[in-house]
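Trainee: Structure of the sequence below:
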Amino acid sequence: MSITRKITAATAVALTISSVGFGVASAAPADEKAASAGTPVGPGTEITVEMPDGSWSGCTVAFTGTTPSNEPVALTAGHCAFPGMRIYADGKLIGETDKSSLEEEWDPISPDWATIALNENAQPVAASDKVAPESVGVARLGDEVCSDGKTSGWQCGVVTAITGDWIWHNLVMAPGDSGAPLIRTSDNAALGIHSARGDLLPMDYGRSYSLAAALTKAGGYELTTVNGPAPAPETSPLGSLGSS
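Mentor: Model (predicted):
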């Protein structure tokens with residue numbers, strides 16, 4: 001059996017909710033009206049999520065983008081932003097969930113992406129000091145990739161497998177990194193949104209959801225790049241981008 005088939009077959013067992021990547025915020029954010037200056041929001045931005053039970057969890061922004069009506073959004077993991085959730089950065093309310101692939105609970109099989117409708121407290125930016133996307137890319141086996149998560153920071157590795165809209169790599173991520181960007185180093189193509197990590201057989205692995213699939217499933221959203229708006233590729237070997 002190939003390693004790709006082994007990964008696919010064991011996904012539900014190997015991934016657990018503790019490995020998904022929620023970080024626990026130490027305290028509630030400051031009053032959302034406390035400051036008027038826009039908070040920069042872009043690749044690698046740390047966000048705090050107000051959970052339905054009143055607790056707080058930490059995640060990471062992958063990229064920013066725009067809706068078909070040119071409204072600004074941030075992209076993160078679906079399990080970080082269920083419908084109706086309020087999202088904070090730097091102590092300010094920066095928006096609420098716009099769309100999410102998950103309704104109310106995480107599972108290891110479903111797509112894992114969400115968009116956050118940004119408000120006037122947010123200043124969306126295309127790039128950070130480490131991640132500067134130039135296009136929406138399609139992952140290839142062996143791609144050299146990097147990520148910048150809330151907990152683990154900047155780290156790099158390679159794509160080890162591709163199954164459907166999932167990109168597997170050898171970056172060892174941690175809770176709080178969920179939603180972090182996955183970018184290819186050779187051409188600064190934005191590839192994915194970090195979802196989970198786990199261990200299978202003798203190796204640790206990370207798993208990211210295809211950015212191209214997320215943009216398409218959101219309804220034709222575009223990535224904000226250093227060169228301007230960029231659409232998802234029309235077709236992708238990662239799978240059927242139009243499926244739900």
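
Trainee: what ranges of the chain fall below the confidence cut-off?
Mentor: Applying pLDDT under 70 to the chain flags residues 1-37, 106, 198-204, 235-244.

Trainee: At which residues are the helices of it located?
Mentor: For the chain, the helices defined by DSSP state H cover 3-14, 211-219.

Trainee: Tell me the buried residues in the last one?
Mentor: Within helix 211-219, the residues scored as buried using 16 or more other Cβ atoms under 10 Å are 211-218. In this view, the C-beta of every residue, glycine as well, is placed from N, C-alpha and C.

Trainee: Restricting to C-alpha, output it in CSV.
Mentor: Output in CSV follows, covering the C-alpha atoms of helix 211-219 (Å, rounded to 0.1, in the frame of the first residue of the first chain):
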residue,chain,number,x,y,z
LEU,A,211,-6.4,27.5,-0.7
ALA,A,212,-7.6,27.1,-4.3
ALA,A,213,-10.4,24.8,-3.1
ALA,A,214,-11.4,27.2,-0.3
LEU,A,215,-11.6,30.2,-2.5
THR,A,216,-13.7,28.3,-5.0
LYS,A,217,-16.0,26.8,-2.5
ALA,A,218,-16.5,30.2,-0.8
GLY,A,219,-18.1,31.4,-4.1
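
Trainee: what packs against it?
Mentor: Contacts defined by 3 or more Cβ pairs under 8 Å, 6 or more residues apart in numbering; DSSP states H and E place helix 211-219 against strand 92-100, strand 135-136, strand 189-200, strand 222-225.

Trainee: Turn the ones you listed into TSV, columns for distance to A117.
Mentor: Formatted as TSV, these follow (distance: least, Cβ to Cβ, whole Å):
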stretch	distance to A117
strand 92-100	4
strand 135-136	20
strand 189-200	17
strand 222-225	14
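
Trainee: what would those strands look like in JSON lines with mean neighbour count and distance to W113?
Mentor: Formatted as JSON lines, the helices and strands packed on helix 211-219 follow (neighbours: other Cβ atoms under 10 Å; distance: least, Cβ to Cβ, whole Å):
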{"stretch": "strand 92-100", "mean neighbour count": "22", "distance to W113": "8"}
{"stretch": "strand 135-136", "mean neighbour count": "20", "distance to W113": "13"}
{"stretch": "strand 189-200", "mean neighbour count": "25", "distance to W113": "6"}
{"stretch": "strand 222-225", "mean neighbour count": "23", "distance to W113": "13"}
